[in-house]
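**Q** based on what follows, work out the 3D shape:
(3 chains)
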Amino acid sequence: MQPYVAILSLAGLVGAVAAAVHAGTFLLAPPGTVGAGPFLSGARPQEHAMSRYHVRWYAVTLVFLAFDMEMVFMFPWALVVASVGAKAVVEMFLFLALLLVGVLYAWREGVFRWA
Amino acid sequence: MAESPVWAVVALPLALAALAWAAAALDAVLGAASAGGTGSGPGPGLVRACGDPLHEAVRLLTQQRRRTLMADRPLTRIGVVVLPVAATLAAVVVPLGGRAVADLPVGVVWFNTMEVAVWGALWLTGWGADSAFPLAGGYRFLAQGMAYELPHMFVLITAALGAGSLDLGEIAAAQDGLWFAVWMPVAFAVYLVSALAMAFWGPLGHPLGGDLAGGAALELSGPDRLVFLAGRYLLLTVAAAVAVPLFLGGGAGPLLPAWAWTLVKTCAVLGALVWARRRFPAVRMERFMGIAWTVLIPATLLQMLVVGVVVLD
Amino acid sequence: MGLRERLVRFGTARPRPFVVASAGGTRARLIAEAEVRRRGWREAGSPAETGLLVVCGDPGAALAEAIETVWRDAPGPRARVRLPAEASAAEARRVLDAAVAELADVAAQHADAQARITAGPWNPAAPDDGGDTSAMDHDMDHGTGHDRGHGGHEHHMMMRPGGLAMAEQEDDRDGLRLDVLHVPFGPVLRAWPAGLRIDTALQGDVVQLAEVTAVDTTGDAPYWDGAGVRRRVAGRLDSAGRLLYVAGWDGAASRAALLRDGVLDGASGDVLGPRFAVFARRVGRSRTLRWMTGGIGRIAPEAAERHGLAARHGGDVAVRLDGWLSEIAAGLPRLDEPASDRLELGGESGAAGPLAVLPGLLEGEGLAAARLIVASLDPDLAGLGRADG
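**A** Residues are numbered from 1 along each chain as shown, chains lettered A, B, ... in the order given. Sure thing, here's the model as predicted:
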C-alpha cells in the first residue's frame, strides 16, 4: 500500500470510529443535546467568553517565530552534516548563536517572565 | 520506500488503542493505589481499577452531549476529532518490527507536524465552547507550546543528526550497539519532558488543570469527551512509541523478535510517562517558560553540537 | 433494549460524583468523600462532565440556586442526591446506592431528557427555570425575566448574539484597553472553600478585580474547630489535600485525603505517623511544588496582624503549606488530647481575616496563582454568620 493511501485510509478509519462513537451515543444515551450555559461555578455569564484574550506572553511568540523559521533549515541540514563536513556545523551554530543572542536580549528584557 | 501490507493499516490503530487502554488502566490503578487501594466489588481495589477505563468509556458513550450557548460546534468538533486522528497519523512512521505503516523518508518531520496539529486542536476545543475556563485552558496550551516545542524539535533533529537521516527506521538502525539514549542523555531527557507536554499530561497537563475545573475539556461530555480523552491517551502512547526508534534502539534486542522489543520498550516509556502524573504537581508556564528558554534550549543545542562533532569524525 | 440497559448499568456502576458542600456541610462532605473512595469511584472535576451531583449539608437559597444552575446543565443520565449536615455513613451508602439506581433507570432518564427537550436550551433572555422547578418560582421570576428580555432585545439586538452581551473593554494596570470577562469562582467548584464566592473581572487570565462574598453562611459551628487535636489535624490534612489538588498533584491530594480520613476514623498516631512522614517527605521535598508555590500570595507579618490573621497565615503559599505539614507532624503524637488554642494547632481565627485580605492578594495574579492563594488560606466559612451576628 502506498504511504499516502495508508495515511488517508487511517485518517478515514479514525474518523469513522469517532463517528461511530457519536452514533452509539445517539442510540444509547437519553435523547437530545443539553443546551447548557457555560460552567461558571453555578452562575450565569454576563458576557460571551469569546473575546480578545489578553495574551501576556505575546512577546515570546515573536522570539519563537524567529526560531521556528530556522527549523525549516535544520531538518535538511541534519542530513548533510556528515557529507559537507565541519563547514556545515560551524555555519549552523553561528546562526544559532546569533539567535541565542536574541534570546539573551529577550531574557534580559524579561520576556519570559510575565506573572 | 517499502510498501506496507494492508493488514498493517488495521493492526496499527488496534495496537495503539490497546496501548492507550493499558495507559488508562495503569493510571486508574496508580490512582486507586494513592487512594488506599480500596474499592468494593469483585477483587481487590487495584485489580478492580483495571476495569475503570472500560466503565468510563461506556459511561461516556451512554451520556448526553452538551452544547453551551452559542458554542462554535464545528470548531469544537474539529478540535476534538483532530486529537485521535493526529495521534494515529503520527504513528504511521513508527517502525514496528522493522517496517512502518508508511515508511516516509521524512518520518521525523511528519511526526513533528502531526504533533503540532494538537496545538490547533486543543485551542479550538477551548475556544469553541464559549466558556471562560476552557478559553483560559486553550491559551495555556499555546503558551506551553512556546515553551516545549523548540527543545522538542532540537532533540528530534539531534537524533536525526546522529543517524544522518530523517527516517525513523534508519535512525533506529543507526543505533547498532549503542542507543542514542546512552550517548545523548540530555536529548532523551528533554524528549520525555516534551512527550508529557505534547500530550498535556501530568505535570504538563495544566491546560486541563483541576484549578480550571477541567480547563479546555471542561464543557465536553458524552461522546465528545470520550473521543477527546481517547485522543489524549493515544497521543501519550505515540509519544512513547516514537521514543523507541529515536533513542532506544528501535526493535534491537536479544532473543525476542523486533516487534516484541519495540512493544516492550514502548510500554516501559509509556509506563514512566503515566507514572509521572502521580509524582509531580502541575507546572505553570509563567514559571517554566524562562527555564525552557534559558536552560532547555541551550542544553539541547549543546547536545546537538556534541552530536554534530561526533558525526563529523 | 436489553443491550442498552445492560450498557447503561455497566457505565453507571462507577459514576463520577461531583460533591458540593454548603458552608456548614463539611462533616457531610467528609462522609460522602470517604464513601466515594470506599467504592473506588473517582470524583468529577466539574459538574459538566457528570450527571451525579452529591449535595452535602443544608444549602440556603443562594447556594441552592447555584446548584440548580449546574444541575440544569448536567448531561443525562443525571441524579441529584442530598446528604444532610448530620447524615451518617450508612445514610451516605444508602443515598449513593439510590443515585446509581436512578442513573441506571433508562425509562426515567429518557422521560427526563424528553422534558428537557421540551423546555429547550438555556436562554439568557428567558427566566432561568430549570424545567422542573415549581410554578411558584416561575411566577416570582416572571416580572424581572420579562423586563430583562425586553430591554436587551430592543436596544442591543446586534450587540447581543444569543441574548448575551459581548465582552467590553476596560483599562488594565498598564493602561491597555482590554476585553474584560466577569467570572465568578465558587460556590460550586471542586477543592474550593464551601460557601465562598469570589467574583472576578479577568483580562486574559489576570484577575483585575476580586470581590468576596459569603454564600449562605448560617453560623454553624466550624467543624474543624471541634474538640480535640484529632479534629484539627484532620482539618489541616483536608486543607493540604485541597491545595495539592489545585496545584495539579492528584496523587498527593488523594494521599492527604486518605490520611485525613484515617485521623477521623480514630487511628492512632503511631500508625499514622510513619505514613504521614512518607507523605510529608514527598510533598515537602518536591522542588517542583516549591517552585510553583513560592513567592505567590505573600502576606507580610504586619499585614497579617492588621487583618487579625493568625501568625501561621504569614508568608507565601509554600510557607503556609509547610506550616500545615509541621502542625500535622506536631499534632499526630497527641491526637487524643484536647485542643488548646495556645498550642500550634490553634483554631481558625475566623474566616473574616482571610476574606479581608483575599481581594488584595488576588488582584494582579493569574488564575492559577489566584486559586492556589485561596486554597492556601482555605477559609472555613462555617462560623462566619455567627461572628457577624
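
**Q** where does the stretch 251-389 of chain C dip in pLDDT?
**A** Counting by pLDDT under 70, the stretch 251-389 of chain C contains low-confidence residues at C:339-349, C:385-389.

**Q** bridging residues for the residue of it found nearest chain A?
**A** Ranked by Cβ to the nearest Cβ, the top residue of the stretch 251-389 of chain C for proximity to chain A is residue C:366, at 5.8 Å. Yep, even glycine has a C-beta here, placed from its N, CA and C like the rest. When assigned by DSSP bridges, residue C:366 has beta-bridge partners residue C:206.

**Q** quick one: contacts for it?
**A** For residue C:366, the set of contacting residues under the criterion of Cβ atoms under 8 Å, 6 or more residues apart in numbering or on different chains consists of A:115, B:284, B:286, C:205, C:206, C:207.

**Q** burial count for the second one?
**A** Which is residue B:284. The tally of other residues near residue B:284 (other Cβ atoms under 10 Å in any protein chain shown) stands at 25.

**Q** tell me which element the spatially closest residue to it that is not a sequence neighbour is part of?
**A** Nearest non-adjacent residue to residue B:284, counting by Cβ to Cβ, 6 or more residues apart in numbering or on different chains: residue C:368, 5.4 Å away. Here residue C:368, judged by DSSP states H and E, is contained in helix C:367-377.

**Q** just for the stretch 1-150 of chain B, where's the confidence low?
**A** Counting by pLDDT under 70, the stretch 1-150 of chain B shows low-confidence ranges at B:1-4, B:37-44, B:98.

**Q** that one: strands as residue ranges?
**A** B:66-68 (DSSP state E, counting those that start in this stretch).

**Q** which residues of it fall in helices?
**A** When secondary structure is read from DSSP state H, counting those that start in this stretch, the stretch 1-150 of chain B shows helices at B:6-34, B:45-49, B:52-61, B:73-90, B:107-128, B:132-163.

**Q** any part of the fifth one near chain C?
**A** No - for helix B:107-128, no contact with chain C is found by Cβ under 8 Å from any Cβ of the partner chain; the gap never falls below 11.9 Å.

**Q** picking up where we left off before, now tabulate the helices of the stretch 1-150 of chain B in JSON lines and tack on mean neighbour count and distance to residue A:86.
**A** Compiled in JSON lines, those are given as follows (neighbours: other Cβ atoms under 10 Å in any protein chain shown; distance: least, Cβ to Cβ, whole Å):
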{"stretch": "helix B:6-34", "mean neighbour count": "19", "distance to residue A:86": "41"}
{"stretch": "helix B:45-49", "mean neighbour count": "19", "distance to residue A:86": "56"}
{"stretch": "helix B:52-61", "mean neighbour count": "21", "distance to residue A:86": "52"}
{"stretch": "helix B:73-90", "mean neighbour count": "23", "distance to residue A:86": "34"}
{"stretch": "helix B:107-128", "mean neighbour count": "23", "distance to residue A:86": "24"}
{"stretch": "helix B:132-163", "mean neighbour count": "26", "distance to residue A:86": "14"}
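
**Q** can you lay out the ones you listed as CSV showing distance to residue C:243?
**A** Formatted as CSV, the entries for the helices of the stretch 1-150 of chain B read as follows, by distance: least, Cβ to Cβ, whole Å:
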stretch, distance to residue C:243
helix B:6-34, 16
helix B:45-49, 25
helix B:52-61, 26
helix B:73-90, 31
helix B:107-128, 25
helix B:132-163, 19
